[in-house]
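Asks: below are the sequence and a predicted model for it; my questions follow.
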Amino acid sequence: MIYRLLFIFLFLPTPPGKKVVSGRLKADKSWDYDHTFSQVVVKSKGKIIGRSNITAQGTFTYTFPDRIPKQVDIHYTELGMGTDMYLQHVELTDTPDTMQLTIPVPAPTGTDSTGKTICPKCKKPDETRQLVYGDGQLVTKIRKWGKITYSPIVKNKYYMGTCIRPAQGPKWHCNRDDIFF
């Protein structure tokens, strides 16, 4: 009896009650993950709940530790990127314990009839901004209810404030979802 239980626990693909998301990143151009420190970032309701390192082949595996959310967003980041890049939304309810994903990098986007880029998360173009990389950080001063804040959005462009643009870095920002893609 004890050997049967031991066998079951050792050879199950996923521990009982655990959810595993694994997959492969499929870059739109040749990319060597072996020479970058890159990770998949798992977020639920905008908060980071976990990370998984990406192998040289572009694969990753993330096991949810305890409480499994109903849905998560998968993001990509690498050393020097400065922000994470939205890749895909994943529904976790009514799915098998182990999910295999193939995720395109960057997330596929389209344009509407006016030529505006559509956000891959909310599927709307009205709040997307093109990212501008460069030495100078431009900001807009905003006064609201007696408080002053600064926004990196100037003339419908989002200024990153860095001259470093990673090869697989984001090109767009959605102000509604506060994601880079």
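Replies: Arrived safely.
Asks: what about the strands in the chain?
Replies: 20-27, 38-44, 47-53, 59-63, 71-78, 85-91, 98-105, 128-132, 140-144, 147-151, 153-154, 157-159, 172-174, 179-180 (DSSP state E).
Asks: which of those strands sits closest to Lys116?
Replies: strand 128-132 (6.4 Å; CB to CB). (C-beta placed from N, C-alpha, C; glycine too.)
Asks: just the strands of the chain: most buried one?
Replies: Across the strands of the chain, the average number of neighbours (mean count of other CB atoms under 10 Å) peaks for strand 179-180, which reaches a mean of 25.
Asks: can you give the distance of that one from its chain's centre?
Replies: On the basis of CA atoms, centre = their mean, to the nearest Å, strand 179-180 is displaced by 8 Å from the centre of the chain it belongs to.
Asks: can you pull the pLDDT of the closest residue to Tyr76 other than its chain neighbours?
Replies: Computed as CB to CB, 6 or more residues apart in numbering, the closest residue to Tyr76 that is not its neighbour in sequence is Met85, at 4.8 Å. Per-residue pLDDT puts Met85 at 91.
Asks: with adjacent residues omitted, what lies nearest to Phe180?
Replies: Using CB to CB, 6+ apart, the closest residue to Phe180 is Pro170 (3.7 Å).
Asks: count of neighbours near Ile54?
Replies: 21 (other CB atoms under 10 Å).
Asks: check Gly110 too.
Replies: Count around Gly110 with other CB under 10 Å applied: 11.
Asks: thinking again about what came up before, for the residue nearest to Tyr76, which residues are in contact?
Replies: The neighbours of Met85, taking CB atoms under 8 Å, 6 or more residues apart in numbering as the test, are 75-77, 105-107, 168-170, 180-181.
Asks: now these in a markdown table, with distance to Val21 and pLDDT?
Replies: Listed next are the contacts of Met85 as a markdown table, based on distance: CB to CB, whole Å; pLDDT from 0 to 100:
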| residue | distance to Val21 | pLDDT |
| --- | --- | --- |
| His75 | 13 | 94 |
| Tyr76 | 14 | 92 |
| Thr77 | 16 | 89 |
| Val105 | 16 | 87 |
| Pro106 | 19 | 85 |
| Ala107 | 16 | 88 |
| Gln168 | 20 | 73 |
| Gly169 | 23 | 79 |
| Pro170 | 22 | 88 |
| Phe180 | 21 | 92 |
| Phe181 | 19 | 92 |
